[in-house]
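Enquirer: What follows is a predicted structure for the sequence shown.
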Amino acid sequence: MSTVSSIAASGMAAATLRLQMSANKVANAASSDVDLAGEVVQQIMARVSFAANAQVMKTDARMTAALFDITV
């Protein structure tokens, strides 16, 4: 795995953790004071971050494949 893909994978893991933490807060909203609007924003940010990092991984794979095509 390239450095770029490793960084993107780390970003995807962070986005997954962010989403899980927010979902846990929402699930327990009845027992605590939770800003639901803020948690929706957190979940949207996690989704966008995950998608952006996934696109970085796809682009890295395409660039690597193109490089191998050139050098072969």
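Expert: That came through fine. Residues are numbered from 1 along each chain as shown.

Enquirer: quick one: contacts of stretch 3-23?
Expert: 1, 39, 42-43, 45-47, 49-50, 52-54, 56-57, 60-61 (Cβ atoms under 8 Å, 6 or more residues apart in numbering). In this view, the C-beta of every residue, glycine as well, is placed from N, C-alpha and C.

Enquirer: could you redo the last one with a cut-off of 6 Å?
Expert: The contact list for stretch 3-23, computed with Cβ atoms under 6 Å, 6 or more residues apart in numbering, reads E39, Q42, Q43, A46, S49, F50, N53, V56, M57, D60.

Enquirer: Kindly report the same for stretch 51-62.
Expert: Contacts with stretch 51-62, where a contact means Cβ under 6 Å, 6+ apart, come from S2, V4, S5, A8, G11, M12.

Enquirer: now with 8 Å?
Expert: S2, V4, S5, I7, A8, A9, G11, M12, A15.

Enquirer: Let's test this: mean pLDDT of stretch 52-59, rounded?
Expert: Taken as a whole, stretch 52-59 has a mean pLDDT of 97.

Enquirer: What separation is there between I70 and A46?
Expert: Spatial separation of I70 from A46 under the definition Cβ to Cβ, to the nearest Å is 36 Å.

Enquirer: quick one: which of those two has more around it?
Expert: More neighbours surround A46 than the other of I70 and A46, with 20 against 7 (other Cβ atoms under 10 Å).

Enquirer: Any figure for the gap between that one and I7?
Expert: 17 Å.
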